[in-house]
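Enquirer: make a model of this:
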Amino acid sequence: MKIFHIPAFTDNYIWCIQKNNKLAVVDPGDSKELLNLIKDNDLILEDILITHHHFDHTGGLEDLHNLVNGNIFGPKESNKFINKFVSENDEIEVLGNKYKILETPGHTLDHISYYSKDINSVFCGDTLFSGGCGRAFEGTYEQLHNSIQKLNGLPESTLIYAAHEYTIANLEFAYSIHADNAIISHLNKAKKMISDNEITLPTKLSLEKKINLFLLENRPEHTKLLSDLDWFKELRERKDSY
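Expert: Next up is the predicted model:
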């Protein structure tokens, strides 16, 4: 089994999970490159996993849904092409591996993440990024904070497959808030990776605990009089206007 990405739009990643000639896809916002991949490699599109309803995560479903051999999983009422609605603590099987559904609202109200102990990975859409997190578009700061802490409770070795390449911008913001050695070190590493035409994902939860201020594991000293939620809210608001 292998996991790889297809770039889409400006900075989206469509994650592909392949086992032999079978393919599962996470958040196909666009269909063109996927259709080429399937055709050129004689692949069977087995399942699609949707994290939330935004078009850059679902836009490819119209062209892809008729090719799906298995199921299109996703949160209830988020897209008309989803045929298998899932919610908190549901378990699904995709290409022989089990995935637990985690409800992670905040960015959107319907947002879910897919955690697989079998492959030590979580596909978390726009909830958690390397060095940052999603905006609270539909949910509250408290919902987003709680969702991120739910992901923060996964095993530290968990690989985080986020849906956007935001690492450099996130870490530049983080360093402007907290001039921490781990943050600047990984920022420099991320810049080199991008300049070498590599991507910065997946990232590992153990690393994110050191560099991602939104996990609240690494806090500037002067913020420690604030509650976790108050600091999270202030941090997210400052990032929104950065």
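
Enquirer: measure the spatially most central residue of the chain to H107 for me?
Expert: Taking Cα atoms, centre = their mean, the centroid of the chain lies closest to A162, which sits 2.6 Å from it. Counting by Cβ to Cβ, to the nearest Å, the gap between A162 and H107 amounts to 11 Å. The C-beta positions use only the backbone N, C-alpha and C, and glycine is treated the same way.

Enquirer: between those two, which contacts overlap?
Expert: Here A162 and H107 share the contacting residues G125, D126, scored by Cβ atoms under 8 Å, 6 or more residues apart in numbering.

Enquirer: how far away from the center of its chain is the longest helix belonging to the chain?
Expert: The longest helix of the chain (DSSP state H) is helix 181-195. When distances are taken as Cα atoms, centre = their mean, to the nearest Å, helix 181-195 is centred 20 Å away from the chain's centroid.

Enquirer: what does it rub up against?
Expert: Residues external to helix 181-195 that are found in contact with it (Cβ under 8 Å, 6+ apart): 130-131, 165, 167-168, 171-172, 174-175, 199-200, 207, 210-211, 218.

Enquirer: which parts of that helix are buried?
Expert: Buried residues in helix 181-195, counted by 16 or more other Cβ atoms under 10 Å: I183, I184, H186, L187, A190, M193.

Enquirer: is it possible to get JSON lines of these that adds distance to N71 and pLDDT?
Expert: Listed next are the buried residues of helix 181-195 as JSON lines, based on distance: Cβ to Cβ, whole Å; pLDDT from 0 to 100:
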{"residue": "I183", "distance to N71": "40", "pLDDT": "98"}
{"residue": "I184", "distance to N71": "44", "pLDDT": "98"}
{"residue": "H186", "distance to N71": "37", "pLDDT": "98"}
{"residue": "L187", "distance to N71": "39", "pLDDT": "98"}
{"residue": "A190", "distance to N71": "35", "pLDDT": "98"}
{"residue": "M193", "distance to N71": "34", "pLDDT": "98"}
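
Enquirer: redo those as CSV? Include distance to P28.
Expert: Below are these laid out as CSV (distance: Cβ to Cβ, whole Å):
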residue, distance to P28
I183, 32
I184, 35
H186, 29
L187, 30
A190, 25
M193, 24
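
Enquirer: closest one to L144 out of the residues you listed, please.
Expert: Distance to L144 across the buried residues of helix 181-195 (Cβ to Cβ) is lowest for I183, with 20.9 Å.

Enquirer: next one: the closest one from A8, what distance?
Expert: In this structure, I183 and A8 are 28 Å apart, going by Cβ to Cβ.

Enquirer: tell me which stretches of this protein form helices.
Expert: Using DSSP H, helices in the chain cover 32-40, 55-58, 61-64, 141-152, 167-177, 181-195, 205-211, 228-240.

Enquirer: run through the bridge partners of the residue nearest to K100 when sequence neighbours are not counted.
Expert: Ranked by Cβ to Cβ, 6 or more residues apart in numbering and with sequence neighbours excluded, the top spatial neighbour of K100 is Y115, at 4.9 Å. Assessed by DSSP bridges, Y115 has beta-bridge partners K100, V122.

Enquirer: show me what contacts Y115?
Expert: Residues in contact with Y115 (Cβ under 8 Å, 6+ apart) are Y99, K100, I101, L102, S121, V122, L154, T158.

Enquirer: if you set the cut-off to 7 Å instead, what comes out?
Expert: Contacts for Y115 (Cβ atoms under 7 Å, 6 or more residues apart in numbering) come out as Y99, K100, L102, V122, L154.
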